[in-house]
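S.K.: Give me a 3D structure for the following:
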Amino acid sequence: MLSLSLVLVLVVLCALAFDYINGFHDTANAIATVVSTRVLSPRKAIVMAACLNFVGALFSTQVAITVASGLVDTARFQTNDVHQPAEFAGKLKNPVEPVSRYLAGQLSPATRELLAQYAGDGVPSQGLQSAMVDDLNRVITRTDLYSAERFAGIALPAKTLAKAEDAAKLKPEDRANTNRALLEKGYPQELGSNQQVFQVVILAAILGAIVWNLITWKFGIPSSSSHALIGGLCGAAIIHGGLPFVLWGGIVKKVLIPLVGSPAMGFIIGFLLMGGIFKTLAHVHPGRVSSTFRHLQIVSAAAMAFTHGLNDAQKSMGIITMALVSARMIPEPVVPLWVVLSCATVMALGTSVGGWRIIKTMGHKIIRLEPVHGFAAETSSAVVLFVTSHFGMPVSTTHVISGSIFGVGASKRLSAVRWGVAQSMVMAWVLTLPAAGLVAALSYELLILMGLGR
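M.R.: Predicted coordinates for the structure are as follows:
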């Protein structure tokens, strides 16, 4: 079996590879309109996008924190995490030390009944083991697990101790990770860490996202790299431990609602902004309008590139941070500086390669763009991306810019938009989450067969 350190290295390398692919896959998000309107040459547009992607990635980590701690339950116990079920059952049946007395007091009536029937002369039944694990998963959500008297004599890392003392103020997922760390310290022989196998979950998630990204890039489909990664994470987590391993509240609030809401907002803002421009400049000579907006579109494209880095580069930061937290390398989901710099650099390099197939779809197939249209679409997208990044929502820049372009086109007349292209793009968006999840689930099984996580 590969060592944890090597598996963690693989996770980091694959996350950076995903960031690189995300860069060239989503280059079109920032520069398709400015290239298609011939405001900038492809080379100049790509250089600008790469530089501003890098700067944007350094600006915030709110989205990364959401990915690292708000989507998948990294603390949840499974039956195979109880390495010595007989000894653990014995400590709960006849509690002596303070931690065992506390846990015994938290057992459900069903667990107490099964424990009373356990004679202690062999491996506990599967039912008893499952019941004990269910109780552990309830305990890690509590705010009163830690007390100085209860954990006296148990060596705790300083940061874990500080968080445990302030458990009531922690976010639920943060509290669960802290409480799991406490229980692992309290039962170092009986309860094993899930860090090895969870690295495999994360690795499988990244592989699922990479494969789907490459498929959609090959066929020029502007799908979402962000949702490919999140779909992969959900698929790998479910195949690993079932539906409870996904934090569905976070998925709905931070992923599914923005999945629909962000392109809709892009459409609405693009429609209104373009309509306002038409009304305001209706009597201005078209040549003058075009000349003015050729300059303004450089600013809007720069804003789009900046916010693309602000939102998209953070997904890989979050994945690496999740891996470091689950590996107990860092105590909380705070993105280390080296992770920020690495992801920002790799995404900028990927952007510099460009994604010409997708640029063609975004810049020409949806609607024939003029500089004024490009300005309205990019400005609308930048506004949506900045707001969602501020609130830590890992939205798709592809969805947002596409929605904005549709809105800009519809403000002119509905027939100006090629709705057949829209239909195929929406189908790709709908398929991304389950398709990437399926590939990630298959990747997880393959990695387990190869000996990782065992």
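S.K.: Could you give the number of residues near the residue nearest to Ser125 when sequence neighbours are not counted?
M.R.: Sequence neighbours aside, Leu114 is the residue nearest to Ser125 in space, at 7.1 Å (criterion: CB to CB, 6 or more residues apart in numbering). Yep, even glycine has a C-beta here, placed from its N, CA and C like the rest. A total of 20 residues lie near Leu114 under the criterion other CB atoms under 10 Å.
S.K.: please renumber so the chain begins at 25
M.R.: Okay, residue one is now 25; in that scheme the one you just asked about reads as Leu138.
S.K.: which SSE is Leu138 in?
M.R.: helix 133-141 (DSSP states H and E).
S.K.: ok, then the element right after the longest helix anywhere in the chain?
M.R.: In the chain, taking DSSP state H as the definition, the longest helix is helix 310-350. Using DSSP H and E, the helix or strand that follows helix 310-350 in sequence is helix 361-377.
S.K.: Can you spell out the domain ranges of the protein, please?
M.R.: Domain ranges of the chain: 28-98+223-473, 103-217, per automatic domain parsing.
S.K.: Buried deepest among those domains, which one?
M.R.: domain 28-98+223-473 (a mean of 22; mean count of other CB atoms under 10 Å).
S.K.: in this protein, what secondary structure element scores lowest on mean pLDDT?
M.R.: helix 380-384 (a mean of 49; mean pLDDT, DSSP states H and E).
S.K.: next SSE after that one?
M.R.: helix 395-414.
S.K.: What is the helix or strand that that following helix is followed by packed up against?
M.R.: Sequence order places helix 421-436 as the next helix or strand after helix 395-414, per DSSP H and E. With contacts taken as 3 or more CB pairs under 8 Å, 6 or more residues apart in numbering; DSSP states H and E, helix 421-436 sits against helix 51-60, helix 281-304, helix 310-350, helix 395-414, helix 443-473.
S.K.: can you list these in CSV and add distance to Gly374 and mean pLDDT?
M.R.: Below are those laid out as CSV (distance: least, CB to CB, whole Å; pLDDT from 0 to 100):
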stretch, distance to Gly374, mean pLDDT
helix 51-60, 8, 66
helix 281-304, 22, 90
helix 310-350, 10, 87
helix 395-414, 18, 90
helix 443-473, 18, 82
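S.K.: out of those, nearest to Val106?
M.R.: helix 310-350 (18.0 Å; CB to CB).
S.K.: The helices and strands packed on helix 421-436 into JSON lines, with extra columns for distance to Lys436?
M.R.: Shown next, in JSON lines, are the helices and strands packed on helix 421-436 (distance: least, CB to CB, whole Å):
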{"stretch": "helix 51-60", "distance to Lys436": "15"}
{"stretch": "helix 281-304", "distance to Lys436": "7"}
{"stretch": "helix 310-350", "distance to Lys436": "13"}
{"stretch": "helix 395-414", "distance to Lys436": "8"}
{"stretch": "helix 443-473", "distance to Lys436": "14"}
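S.K.: Which of those helices sits closest to Gly433?
M.R.: helix 395-414 (7.4 Å).
S.K.: for the closest one, packing partners?
M.R.: Counting by 3+ CB pairs under 8 Å, 6+ apart, helix 395-414 packs on helix 51-60, helix 86-93, helix 281-304, helix 310-350, helix 421-436.
S.K.: Give me the distance from the helix or strand just after the helix holding Leu138 to the chain's centre.
M.R.: Downstream of helix 133-141, the first helix or strand assigned by DSSP H and E is helix 150-163. Centroid separation for helix 150-163 versus its chain: 29 Å, with CA atoms, centre = their mean, to the nearest Å.
S.K.: Poorly predicted segments of the chain, please.
M.R.: Along the chain, segments meeting pLDDT under 70 span 25-28, 49-54, 56-57, 60-61, 244-246, 378-393, 437-449, 452, 477-478.
S.K.: Show me the residue sitting in the middle of this structure in space.
M.R.: With distances taken as CA atoms, centre = their mean, Val91 lies nearest the centre of the chain, 3.6 Å away.
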